[in-house]
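**Student:** Give the three-dimensional model of this entry:
(2 chains, ligands or ions: 1)
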Amino acid sequence: MVTREDIFKRLENVFDPEVPVLTVLDLGIVRDVLVTASEIQVTITPTYSGCPAMNTIEADIKKELNDLGSIKVLTLLSPAWTTDWMSEEGKLKLKEYGIAPPVEGGRGMFENPQVDCVRCGSKNTKMLAQFGSTACKAMYQCQDCFEPFDYFKCHR
Amino acid sequence: MNTLLDYTLHLADNQLILGQRLCEWCGHNFVLEQDIAMSNIALDLIGQARSYYQYAAKLDGKNTEDELAMLRGERDYKNLLLLELPNGDFAETLARQFFYDVFHLLQMEDHLTSSDESLRAIAEKAVKEVRYHVTWSSEWMIRLGDGTTESHTRIQKAVNKAWMWTGEMFKASAFEGDLASKKIISDPKQFKLSWDQRVQAILSEATLKLPLEEPYQQGGKDGIHTEHLGFILAEMQSLQRTYPGLSW
Ligand SMILES: [Zn+2]
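**Tutor:** Got it, this is the predicted structure:
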């Protein structure tokens, strides 16, 4: 019989369709896996309320686990997802991919966090726009090498 | 009367209608970054709307989330009138957004301690998103208000125009009154003081003034809408009504 650990191992093959270097485990959206005699239940939580990737992720999980039995993907809203659940490995992968990983700080309304340039490492960067190509990102630009880059927002 | 269902639909309709309005800007904004910003805010709101419609469908037990969102008549919609107003120029869209964002955040903060598990769960997610919306609209209020003579004039005009539609937010409908008496939510009039303070703090930094008259317009929560809602619904619903049950 398949174990919970087997399922988690297989979920390492399911990637976020919008940030394809991150697995669903890196993202921290898999909240629970339950193996019963009749089915396998995978509980996921959306990153943002309107995350358009959720349907695809659900389908991809079912596809990946298809040969293991009857798969049910459940969605849980609470507790709400936070970037604190993102794996350290995931943050490294993001950076290598060219997206600055979430950093703490800037909790005040107009205080932006200190985000280092993903290209040259400079601390001299500025936020270009609060929103980016997906709900989870903002746009930054390096003031030294002038590289514009995505920043994966700290969400908590 | 199922007041929890009515209230859930009111919340769903608020996010759906404002989300739809913001989507009208897609491809028309003055700069790409703000086009993206408004579409992202719309996405958050429509995502929240979906959570509310799913909950409403469960409470209702008759209609699906899609039927509730797309196939009700105009008088069945319970959204705030403010949110159905036409976009106007960027300043009008922004003033509407700012007034609502500040209220929306107070409402979501209140829901975090609701005794209703579903409202609480939706708020836990929404509160983080709405906090970000408030930052966006506040920053732009300051940028336009404390900007050029032209931008100041236009955002002040937009504030004056949106103002009379803001009173409805704090006036409890029958369903809100009932839920407040059962301690499921707070009476929205309790948000007024904080709202005034938060709005005033941004507006003074933006060198803008609030009109003095009492904001009097109301009716949306009871389904009495402006002439604008019918047109939004016609656009939103035409596909579902032409091809019932249509899906991707
Ligand atoms: Zn750089």
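**Student:** Quick check, the residue in chain A closest to chain B?
**Tutor:** Residue of chain A nearest chain B, by CB to the nearest CB: residue A:50 (2.5 Å). Yep, even glycine has a C-beta here, placed from its N, CA and C like the rest.
**Student:** helix, strand or coil for that residue?
**Tutor:** coil (DSSP: H, G, I helix; E, B strand; the rest coil).
**Student:** Surely residue B:160 and residue B:213 touch.
**Tutor:** No. Using CB atoms under 8 Å, residue B:160 and residue B:213 do not qualify as a contacting pair, with a distance of 9.7 Å.
**Student:** With neighbour numbers in mind, choose between the two.
**Tutor:** Taking neighbours as other CB atoms under 10 Å in any protein chain shown, residue B:160 and residue B:213 compare with residue B:160 leading, 15 against 9.
**Student:** That one is in what secondary structure piece?
**Tutor:** With elements taken from DSSP states H and E, the one containing residue B:160 is helix B:149-163.
**Student:** So which elements touch the next helix or strand after that helix?
**Tutor:** Towards the C-terminus, the helix or strand next in line after helix B:149-163, according to DSSP H and E, is helix B:174-181. For helix B:174-181, the contact count by 3 or more CB pairs under 8 Å, 6 or more residues apart in numbering or on different chains; DSSP states H and E identifies helix B:3-23 as packing neighbours.
**Student:** Now do the following helix or strand past the helix it packs on against helix B:3-23, angle only.
**Tutor:** Moving toward the C-terminus from helix B:3-23, the next helix or strand (DSSP H and E) is helix B:32-60. Interaxial angle, helix B:32-60 versus helix B:3-23 (axes from the mean of the first three to the mean of the last three CA atoms, to 10 degrees): 160 degrees.
**Student:** does any part of the lengthiest helix in chain A sit near chain B?
**Tutor:** The helix of greatest length in chain A, counted in residues with DSSP state H as the criterion, is given as helix A:54-65. No. In this structure, helix A:54-65 remains apart from chain B according to CB under 8 Å from any CB of the partner chain; the gap is never smaller than 9.0 Å.
**Student:** And the next helix or strand past that helix?
**Tutor:** Per DSSP H and E, the first helix or strand lying C-terminal to helix A:54-65 is strand A:71-75.
**Student:** ok and that next one relative to helix B:32-60, angle-wise?
**Tutor:** Angle, strand A:71-75 to helix B:32-60, by the same axes, to 10 degrees: 110 degrees.
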